[in-house]
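S.K.: Just a sequence and a predicted model for now, questions to come.
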Amino acid sequence: MQSPVFVGRREEIASLTALLERAADGEPGFAIVAGEAGVGKTRLVTELAGQAADSGFTILAGHCVELGAEGLPLAPLIDALRTLARTTARTELADVLGPARRGLGRLLPELDPGGAAEPAADGVQVSQLLELVLGLLGRLSARRPLLLVLEDLHWSDQSTRELVAFLIRSLRGVRVVLLATYRSDELNRRHPLRPLIASWDRLRTVQHVELRRFEPGEVAAQLGAILGTEPAAGLVDLVFDRSGGNAYLVEELAGLVRGGGDPADLPPSLADVLLSRVDALSPQAQRLLRTAAVAGRSVPDKLLAEVAGVADAEFYAGLREAVESHLLVVDHTGRSYAFRHALTRDAVYEDMLPGERGGLHAAYGEALTRDPDLAGTEVDSAGAAVPAALAHHWYAALDLPRALPASIAAARHALITFAPAEAQRHLERALEIWPRVPTRRSAPAWTRPRWRAWPARPPTRRAPSTARCPCSTRPWPDSRPRATPSGVRWCSTGARAPCGTPGASLRRSPPWRRRSPSCPPTR
Ligand SMILES: Nc1ncnc2c1ncn2[C@@H]1O[C@H](COP(=O)(O)OP(=O)(O)OP(=O)(O)O)[C@@H](O)[C@H]1O
Ligand SMILES: [Mg+2]
């Protein structure tokens with residue numbers, strides 16, 4: 001269904017190739033490729049990566065993962081490290097990791113099999129991680145020039161954004177090109193990536209490539225390459241009209257035409273285009289697709305089978321149909337299925353009824369609680385993806401009593417994996433849920449002694465001063481958080497929980513009235 005020919009984009013490829021050439025001579029390069037969903041960012045980057053590999057570059061790539069409102073912490077870095085671990089000989093890997101082995105092993109245990117995934121005694125040192133990555137890139141690029149691709153920054157977590165900003169600021173005199181992509185149509189005015197992009201646009205060292213939609217001539221070339229024959233002018237006009245020149249939609253429409261559809265009946269709206277091929281599947285395959293869509297862009301086969309809960313024969317027949325229709329693809333591990341394009345996943349998810357969606361989120365929550373290994377090693381490299389997924393699924397299922405401890409567990413794992421901002425986000429979620437959960441017995445065992453220090457119910461307006469911080473025996477006003485160099489605030493007792501915005505607002509209102517966490521339940 002994809003065009004075997006790479007269409008257009010001559011100027012973009014030329015300017016990015018120049019970046020590669022300069023990097024090979026020791027001048028690091030930075031590029032941000034932006035454009036609407038489906039316009040062709042990944043295809044452009046793949047084309048460039050092919051050229052870079054031919055010129056002797058090492059290619060490391062990673063994707064940000066959409067998981068509810070919170071991205072999975074440092075997912076693209078973990079992806080890239082995994083590729084490094086699996087494509088580098090053991091002795092060479094030990095050399096390039098050098099002193100970073102132990103720290104990066106906290107993100108991806110296979111880098112440091114003997115290491116313990118526990119937070120450092122002195123807290124979460126994000127700055128330390130940044131230095132470790134910088135050192136690693138320096139050692140890697142001393143051997144061969146390196147192209148580091150970080151995809152889909154619109155779904156990035158704060159730690160990933162900090163990493164990119166730090167690398168742009170700090171990479172000097174190394175043979176590295178850092179290429180990041182993001183969907184420009186996902187960046188609303190308050191998106192946290194916006195100010196960063198604006199600041200990078202002011203730097204002459206960062207190249208910003210904005211991909212436009214295809215012109216009619218390019219649509220004709222893409223259609224011709226997919227259909228294997230020169231398309232009639234009328235068909236080109238029709239497809240251009242319906243797709244607006246978006247490469248992904250051109251592919252979808254070409255698929256309908258190739259499947260025998262009448263060009264005159266091409267669906268009129270974007271959602272209709274995306275769902276028309278789904279509608280053509282059998283009811284079993286459609287149900288399987290909806291189940292997969294609730295998991296996210298990709299899902300391990302065992303987890304999907306568990307949640308789908310159908311007999312093997314029906315499961316594989318449905319999967320085969322979805323794969324043969326090019327809606328799902330087997331990912332590079334061979335053990336997970338991914339939507340060929342995130343747009344289709346989004347359309348399938350949005351098209352579901354709320355009750356069906358909630359039920360499936362709950363089924364994923366149950367399955368992952370019963371057997372966390374179902375998440376597969378690919379997504380669960382540091383054990384961090386399962387808690388985050390559980391927090392997401394229980395919250396989306398509106399099962400707040402389970403979402404509460406799951407959010408706290410996710411926060412704890414985020415701390416272990418150098419992601420204090422995500423930890424804070426999970427704790428904010430926990431505080432949001434807290435007053436709506438009637439009993440706190442479902443909290444994990446490690447939180448219980450501290451939970452008891454809290455009043456059973458938020459005190460009335462007249463009694464806030466009697467509330468006690470769980471990390472302290474003193475009343476609220478005295479348990480002030482203190483700042484650390486990493487920007488995380490710790491309770492005055494030295495307990496490990498991060499405290500959010502401190503100070504005057506803390507004194508004025510008790511924590512359950514505030515959106516940001518102050519002293520969340522701690523170990
Ligand atoms: N220049 C091109 N030549 C041929 N096909 C292309 C070209 N650009 C994009 N396509 C095809 O269009 C589809 C969508 O492209 P791609 O996945 O690169 O979009 P994207 O911008 O990365 O989207 P998203 O924001 O959802 O990640 C792909 O299947 C790709 O093969
Ligand atoms: Mg893409």
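M.R.: Here it is on my side, so go on. Ligands and ions are numbered 1, 2, ... in the order given.
S.K.: what does the protein put close to ligand 1?
M.R.: Taking Cβ under 6 Å from any ligand atom as the test, the list of the chain residues beside ligand 1 reads 2-3, 6-9, 35, 37-43, 183, 222, 247-248, 251, 341-343. Heads up, the C-betas are built off the backbone N, CA and C, glycines and all.
S.K.: ChimeraX command for the buried members of those?
M.R.: Taking 16 or more other Cβ atoms under 10 Å as the burial criterion, the selection of buried members of the residues of the chain next to ligand 1 in ChimeraX is written as:
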select :3,6,7,8,9,35,37,38,39,40,41,42,43,183,222,247,248,251,341,342,343
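S.K.: Mind checking which of the residues of the chain next to ligand 1 are in strands?
M.R.: When DSSP state E is applied, the residues of the chain next to ligand 1 are split such that G35, R183 fall in strands.
S.K.: In this structure A397 contacts G358, no?
M.R.: Yes: counting by Cβ atoms under 8 Å, A397 does reach G358; the two are 5.0 Å apart.
S.K.: between those two, who's got more neighbours?
M.R.: In terms of neighbours (other Cβ atoms under 10 Å), A397 is the more surrounded of A397 and G358; the figures are 21 against 17.
S.K.: low pLDDT regions in the stretch 351-500 of the chain?
M.R.: Applying pLDDT under 70 to the stretch 351-500 of the chain flags the ranges 377-384, 439-500.
S.K.: 90 - rerun?
M.R.: Segments of the stretch 351-500 of the chain classed as low confidence (criterion: pLDDT under 90) are 372-373, 375-387, 412-425, 434-500.
S.K.: Would you state the helices of it in chain order?
M.R.: In the stretch 351-500 of the chain, the segments counted as helices under DSSP state H, counting those that start in this stretch are 354-370, 376-379, 385-396, 400-416, 420-433, 448-451.
S.K.: Take the ones you listed and lay them out in TSV including distance to V209.
M.R.: Below are the helices of the stretch 351-500 of the chain laid out as TSV (distance: least, Cβ to Cβ, whole Å):
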stretch	distance to V209
helix 354-370	36
helix 376-379	30
helix 385-396	31
helix 400-416	32
helix 420-433	28
helix 448-451	50
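S.K.: To ligand 2, which of those helices lies closest?
M.R.: helix 376-379 (18.4 Å; Cβ to the ion).
S.K.: Let me see the domain layout of the chain.
M.R.: Per automatic domain parsing, the domain ranges recorded for the chain read 10-210, 216-266.
S.K.: Can I get those domains in a markdown table including mean pLDDT and distance to ligand 2?
M.R.: Shown next, in a markdown table, are these (pLDDT from 0 to 100; distance: least, Cβ to the ion, whole Å):
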| stretch | mean pLDDT | distance to ligand 2 |
| --- | --- | --- |
| domain 10-210 | 88 | 3 |
| domain 216-266 | 85 | 9 |
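S.K.: mind checking which of those is nearest H393?
M.R.: Ranking those by distance to H393, with Cβ to Cβ as the measure, places domain 10-210 first at 8.8 Å.
S.K.: Return the distance of that closest one from the chain's centre.
M.R.: For domain 10-210, the distance from its own C-alpha centre to the chain's C-alpha centre is 13 Å (Cα atoms, centre = their mean, to the nearest Å).
S.K.: where do the strands sit along the stretch 251-400 of the chain?
M.R.: Under the criterion DSSP state E, counting those that start in this stretch, the stretch 251-400 of the chain carries strands at the ranges 298-300, 328-330, 336-339.
S.K.: Rebuild these as CSV, extending it with distance to I78.
M.R.: Formatted as CSV, these follow (distance: least, Cβ to Cβ, whole Å):
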stretch, distance to I78
strand 298-300, 15
strand 328-330, 21
strand 336-339, 15
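S.K.: now, of those, which is deepest in the fold?
M.R.: Each of these was given a mean neighbour count from mean count of other Cβ atoms under 10 Å, and the largest, a mean of 24, is that of strand 298-300.
S.K.: Could you list the paired strands of that one along with their orientation?
M.R.: For strand 298-300, sheet partners with direction are given as strand 336-339 (antiparallel), following DSSP bridges.
S.K.: Now do the same for the strand it pairs with: mean pLDDT, whole number.
M.R.: In this model, strand 336-339 has a mean pLDDT of 90.
S.K.: can you list contacts of that strand?
M.R.: 292-293, 297-301, 304, 319, 322-323, 327-331, 345, 348, 376, 378-379 (Cβ atoms under 8 Å, 6 or more residues apart in numbering).
S.K.: Kindly export that strand (C-alpha atoms) in PDB.
M.R.: Taking only C-alpha atoms (Å, rounded to 0.1, in the frame of the first residue of the first chain), the coordinates of strand 336-339 have been written out as PDB:
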ATOM      1  CA  SER A 336       3.600  -6.900  19.000                       C
ATOM      2  CA  TYR A 337       1.000  -5.500  16.600                       C
ATOM      3  CA  ALA A 338       1.000  -1.800  15.800                       C
ATOM      4  CA  PHE A 339      -1.500   0.300  13.900                       C
END
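S.K.: near ligand 2 at all, it?
M.R.: No: shown here: strand 336-339 not in contact with ligand 2 (Cβ under 5 Å from the ion), separated by at least 11.8 Å.
S.K.: Work out the gap between that strand and the centre of the chain.
M.R.: Taking Cα atoms, centre = their mean, the mean C-alpha location of strand 336-339 is offset from the chain mean by 15 Å.
S.K.: any chance you could map the strands in the stretch 101-250 of the chain?
M.R.: Secondary structure of the stretch 101-250 of the chain, counting by DSSP E, counting those that start in this stretch: strands at 146-151, 176-183, 206-210.
S.K.: Now do the same contact list for the residue nearest to A292 when sequence neighbours are not counted.
M.R.: Once its chain neighbours are removed from consideration, A292 has its nearest residue in V299; the separation is 5.2 Å (Cβ to Cβ, 6 or more residues apart in numbering). For V299, the contacting residues are A292, S336, Y337, A338, by Cβ under 8 Å, 6+ apart.
S.K.: The last one pairs with what?
M.R.: Each beta-bridge partner of A338 is listed here: S298, V329, as defined by DSSP bridges.
S.K.: do you know how far it is from ligand 2?
M.R.: With distances defined as Cβ to the ion, to the nearest Å, the gap from A338 to ligand 2 amounts to 12 Å.
S.K.: again, but for the first one
M.R.: In this structure, A292 and ligand 2 are separated by 18 Å, where distance is defined by Cβ to the ion.
S.K.: residue contacts, L147?
M.R.: Neighbouring residues of L147 by Cβ under 8 Å, 6+ apart: L20, L48, A49, A52, F57, T58, I59, L60, V176, V177, L179.
S.K.: neighbour-wise, which of those leads?
M.R.: The most crowded member of these, judged by other Cβ under 10 Å, is V177 (28 neighbours).
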